[in-house]
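Colleague: need a 3D model of the sequence below.
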Amino acid sequence: MATFSTGERKKRPQGDRRSQEMSLNLQRTFEAAIMTQLYPRSQIDIYVQILQSDGGNYCACVNAATLALIDAGIPMKDYVCACSAGFVSDTPLMDISNLEETIGGPEMIVALLPKSEQIVLFQMNNRLHVDNLEPVLELATKGCKDVYAVLDRVVRDHVTEVCSSLDRS
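Modeller: This is a model prediction of the structure:
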């Protein structure tokens with residue numbers, strides 16, 4: 001995280017527990033999606049820099065890294081799409097903001113392989129009553145599928161644009 005990305009200034013943003021946890025979660029998430037068997041004795045590094053921390057940091061990193069890996073030509077089983085959901089004032093919310101995160105209600109982060117609907121990361125911050133778990137999980141899954149639709153359209157438009165520019169040359 002950039003030192004200027006949040007309202008509070010940090011001296012060492014790389015060394016804090018939150019950044020280390022995010023790095024480990026990103027590694028585990030993409031290990032489930034990248035076809036690493038095609039790259040024996042190789043290492044694929046993913047670097048993300050958060051310039052503005054206004055909620056949904058992990059989800060934004062996952063979605064951006066997915067696009068970067070696709071653009072780099074790294075074969076994956078499926079897109080990895082992430083979305084957060086929360087439960088504030090007896091209402092499930094999708095893609096919660098920093099303000100909604102700081103209220104202290106339950107927050108769920110889901111990273112999903114949308115075609116197989118395989119959950120590759122499920123993280124829950126704070127307690128959530130079991131009766132509310134299903135609606136919040138469904139909302140987060142729907143958010144992942146919505147993100148997938150946008151990412152897929154952008155990738156297909158980009159490929160079409162690149163192919164048409166190659167045809168002209």
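
Colleague: correct me, but Leu113 touches Val62?
Modeller: No: Leu113 is beyond contact range of Val62, at 11.5 Å (criterion: CB atoms under 8 Å). C-beta here means a position set from N, CA and C on the backbone, and glycine is covered the same way.

Colleague: okay, those two: which has more neighbours?
Modeller: Neighbour tally, Leu113 and Val62, criterion other CB atoms under 10 Å: the higher count belongs to Val62, 30 against 20.

Colleague: name the SS class of the more buried one, please.
Modeller: When classified by DSSP: H, G, I helix; E, B strand; the rest coil, Val62 comes out as helix.

Colleague: circling back to that earlier point, spell out which residues are contacts of both of Leu113 and Val62.
Modeller: Residues touching both Leu113 and Val62 (CB atoms under 8 Å, 6 or more residues apart in numbering): Val80.

Colleague: helix or strand: which one has Ala85?
Modeller: Here Ala85, judged by DSSP states H and E, is contained in strand 81-88.

Colleague: which elements pack onto that strand?
Modeller: In terms of contacts (3 or more CB pairs under 8 Å, 6 or more residues apart in numbering; DSSP states H and E), strand 81-88 is packed against helix 57-72, strand 91-94, helix 98-102, strand 107-113, helix 130-168.

Colleague: report the contact partners of Cys61.
Modeller: Contact partners of Cys61, counting by CB under 8 Å, 6+ apart, are 22, 26, 48, 50.

Colleague: whichever strand or helix holds the second one: which residues count as buried?
Modeller: Just to be clear, that refers to Leu26. Per DSSP H and E, Leu26 falls inside helix 17-31. Using 16 or more other CB atoms under 10 Å as the test for burial, helix 17-31 gives 19, 22, 25-26, 29-30.

Colleague: and what of stretch 122-133?
Modeller: Using 16+ other CB under 10 Å as the test for burial, stretch 122-133 gives Leu128.

Colleague: where does Arg12 land on pLDDT?
Modeller: Per-residue pLDDT puts Arg12 at 54.

Colleague: over to Glu21?
Modeller: With respect to pLDDT, Glu21 scores 88.

Colleague: same question for His129.
Modeller: On the pLDDT scale, His129 gets 88.

Colleague: would you mind measuring from Cys81 to Ala140?
Modeller: Noted for Cys81: a distance of 10 Å to Ala140, by CB to CB, to the nearest Å.

Colleague: pLDDT of the strand holding Ala85, averaged?
Modeller: For strand 81-88, the mean per-residue pLDDT is 92.
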